[in-house]
Structures are given as C-alpha cells and as structure tokens.
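>>> Give me a 3D structure for the following:
(one chain, ligands or ions: 1)
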Amino acid sequence: MRITSIKVYQVKLPLHEGRYAWADGKYVDVFDSTVLQIQTDAGIDGFGEVCPLGPFYLPAFGPGARAGIGELAPHLLGQDPCQISKINHIMDVALLGHPYAKSAIDMACWDVTGQALEQPVCRLLGGRFGEEVELYRAISQRPADEMAGSVAAYRSQGYRKFQLKVGGRAQDDIARIRAVAGVLQEEDTLIADANTGWLAADALRVANAVSDLDIYIEQPCRSYERCLSVRERIRLPFILDESIDGLEMLLRAHSDRAMDVINLKISKVGGITKARQIRDLCVSLGIPMTIEDSWGGDIVTAAIAHLAHSTPEAYRFSSTDFNSYVTVCNASGAPQRERGVMRASDQPGLGITPNWGVIGNPVAVYGS
Ligand code: MG
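I've put the predicted structure just below:
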C-alpha cells in the first residue's frame, strides 16, 4: 500500500462552557484543531487530528502543526502507511523535533493499518483491558465557589475524577482546592494541576496548606528541576506532565524518583507510536498514567480511547473525553461518555467516520 495524498483541514472547536482557563491567566475560547487525511492506492483513507492547547501551553500551535505537516508530506508520499515505525523514522530524519506536527500523521497511519487488517487500533496496540476507560473532568480555573459548583455538576453526570486548574495566587488556589474537596466523596479522585504556574514557594505553601486532604499535585513549576525540588519537600502524591515530553525525560524522572504518575499526551510525544512506547515502559516500571492529549475533538478522543483501553487497568490513572467539551462533532463513531467512562470502538482502525459538514474543504493538499 502507498500513500497517494495527504490532505489537511482546519477545524474550529468552540466550547460548551465558552472558555477554558488555566494557570497564569491563560485561556482559550475556540480551539484550532487540524484534521489530517491520508489517502492510499488501496482505497483506504486514514484520519488523524492534532489540537494544541492554545499557542502557550506546550511549544506547539495550530498553524505550526499545519506548517510541520507541509514540511513532512513530500517525504511520506509513496510510502507504506502500514509500516508505521518506518514512517516515524522518515519523519524524524526529515524534521527535527516538532512532535505535535508528526502526531496526526502517525495517528492516521494507525487508522489505515487497522482498516487494512480489519482490527480496531486498541487490538493492534496490545489488546483490550476491561470493559471501560474511566474519565476525569478538567475544571476550568474560576473563583473557588464556581469551581466547586462545576465539580458538583460534573459529578452528577458520573465523573469521579477531577483535575482542578490552579496555578494562580497561592491563597486563591488553597480556597479553590478546599471548596472542591468539600463537595467530593471518599471514592473520588482530586488533582490540583498548576500547569507550571507556581514558583516553588507558592507550590510549597499550597501543598502544605492542603496536606490533610487526599489530593494529587500536578506539574507545579515550569522547570523539571524546580518541580523536583518541590517533590522532595512535600508528602502529597505527585504527577509530572509538561516536563515529561519524551522517553529520555521519563527515564530521567524515573531515576530521580521525581513522580508517582505521569501525564501521557499523544501529540506531546509525537503520536500513538511513541506514546505506546512510553506507555509500555511505564507499565514495566510500575508508573500509572493519565492517557490523553493536549486537546481535540472526536478523532483525538477515539485515539485516546484506543491507547487507554489497550493499557492494563492498574496503570490507567485516568483519561478524558475531549469530544464532550466541544460543541462540534468532527467525526461519528468516536466514544461517547456514559456515566464517567468511555470505550474504544470495536470497528476497524480508529472506528471513526469524518463529518465533512464540520471538516469542510482542505487548507492544504499534498500529492494527487
Ligand atoms: Mg496537566
């Protein structure tokens, strides 16, 4: 099988809540998502999606994804999309870094391969563990009482894991955490995600002030070293996200005992192939994972479900269903949340069918 064309689409993803806000006053009102279509001489089309969390979360932004795909596409035309390790090698030789630009291509190759083999991607990634994947809900940063109200509302929809967007003033964040803890039950999971927004002293103040609670602290500071210095001085369980941008950082952090859980985002590490490599290593090392992506619509949500569902349950800390946050549906067949859980599709490939009414016309076409 050969890749005959690569088509790129830009899809705007507005939010049901209107705005998603996190540390340092950062927010996004409408996400800039890129959908990618690989066409083949076998008549099989594969789809991928990459959606950065705005231009200031990771070193990634919407137009950058599309420019990176444009740089890579000429190297991929004529290649076999089912030889996915080779596709990744070609991409890494052709373009240094820019993992997010490679992610949608890698995802589309998994979709093609699954369709060619008539198997859902989760089976190709190792199998299906359990009946369902538990989800967390990210709680946009707002005043403490509004965040507690938001958690109570999502809890009534079935979520049992909540990731609070903190990373503001220490006193405000302590109030946010305490307000939310007050509406949770014993079986619920609470994460305070500062998204690099705290200086070390702020992180220590907040962690010390809520040390009586059953709570995880996620990525308090910008640099890995500062996160490690906080980790060494607090007792709460600790998650690294932004700092774990690839295999080498995972190995270093594991060696430093720098975290208890990692956040594994598909596009942060360059696609499903590299995320699977990190996932498998985490299982061997005994490190649970939040398995997700930076953001996205139905195609990203489908990919998350396949990667998560093919991970042993003990190592699935949580995942999320981005397609329930956004107001438009870019594909049918993606997992739909039911009472705080989702399931990977049983259909071949990612199990999605593009919604052309939303995806529209390509903004770039490579090949014939
Ligand atoms: Mg995070």
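
>>> A170 reaches V206, doesn't it?
Yes - using Cβ atoms under 8 Å, A170 is in contact with V206, at 5.2 Å. To be clear about C-beta, it is placed using only N, CA and C from the backbone, and glycine gets the same treatment.

>>> Show me which of these two is the more surrounded one.
Neighbour totals were compared for A170 and V206, and V206 leads with 30 against 19 (other Cβ atoms under 10 Å).

>>> so the more buried one sits in a helix?
Yes - membership of V206 in a helix is supported by DSSP: H, G, I helix; E, B strand; the rest coil.

>>> if I look at the residue in the stretch 101-250 of the chain that the ion sits nearest to, how far off is L72?
Residue of the stretch 101-250 of the chain nearest the ion, by Cβ to the ion: D241 (3.5 Å). Distance, D241 to L72, using Cβ to Cβ, to the nearest Å: 26 Å.

>>> Per-residue pLDDT of the residue sitting nearest the centre point of the chain, please?
Closest to where the C-alpha atoms of the chain average out (Cα atoms, centre = their mean) is D293, at 1.2 Å. Per-residue pLDDT puts D293 at 98.

>>> wait, doesn't it sit right on I299?
No - counting by Cβ under 8 Å, D293 does not reach I299; the two are 10.1 Å apart.

>>> what's the closest non-adjacent residue to E313?
G130 (4.8 Å; Cβ to Cβ, 6 or more residues apart in numbering).

>>> Briefly note if stretch 154-164 comes near the ion.
No - Stretch 154-164 lies apart from the ion when judged by Cβ under 5 Å from the ion; the minimum separation is 6.9 Å.

>>> picking that back up, which residues are in contact with the residue nearest to the centre of the chain?
Contact partners of D293, counting by Cβ atoms under 8 Å, 6 or more residues apart in numbering, are V50, C51, S103, K265, I266, S267, K268, V300, A303, I304, F322.

>>> Correct me if wrong: the last one contacts T301.
Translated: F322. Yes - contact status for F322 versus T301: in contact at 5.2 Å, counting by Cβ under 8 Å.

>>> Looking only at neighbour counts, state which of the two leads.
Legend: neighbour count by other Cβ under 10 Å for F322 and T301, higher for T301 (29 against 25).

>>> so the more buried one sits in a helix?
Yes - counting by three-state DSSP, T301 is part of a helix.

>>> That one touches A334, doesn't it?
Yes - with contact defined as Cβ under 8 Å, T301 counts as touching A334 (5.0 Å).

>>> who touches both of the two?
Shared contacts of T301 and A334, counting by Cβ under 8 Å, 6+ apart, come down to N323.

>>> so how many other residues sit close to F56?
F56: 12 surrounding residues under other Cβ under 10 Å.

>>> Ok, P55 next?
Other residues near P55 come to 15 when the count uses other Cβ under 10 Å.

>>> I'd assumed V28 was in contact with it.
No - P55 lies out of contact with V28 (Cβ under 8 Å); the separation is 9.3 Å.

>>> for the residue lying closest to A175 once chain neighbours are set aside, what are its contacts?
Counting by Cβ to Cβ, 6+ apart, A144 is the residue found nearest to A175 once chain neighbours are left out, at 4.2 Å. Applying Cβ under 8 Å, 6+ apart, we find A144 in contact with D172, A175, R176, R178, A179, V180.

>>> Now do the buried residues in stretch 332-348.
G333, A334, P335, R337, G340, V341, M342, R343, A344, S345, Q347, P348 (16 or more other Cβ atoms under 10 Å).

>>> Quick one: residues contacting the second one.
To tie it back to what came earlier, the one meant is A334. By Cβ under 8 Å, 6+ apart, the contact set of A334 is D298, I299, T301, A302, A305, N323, S345, G351, I352.
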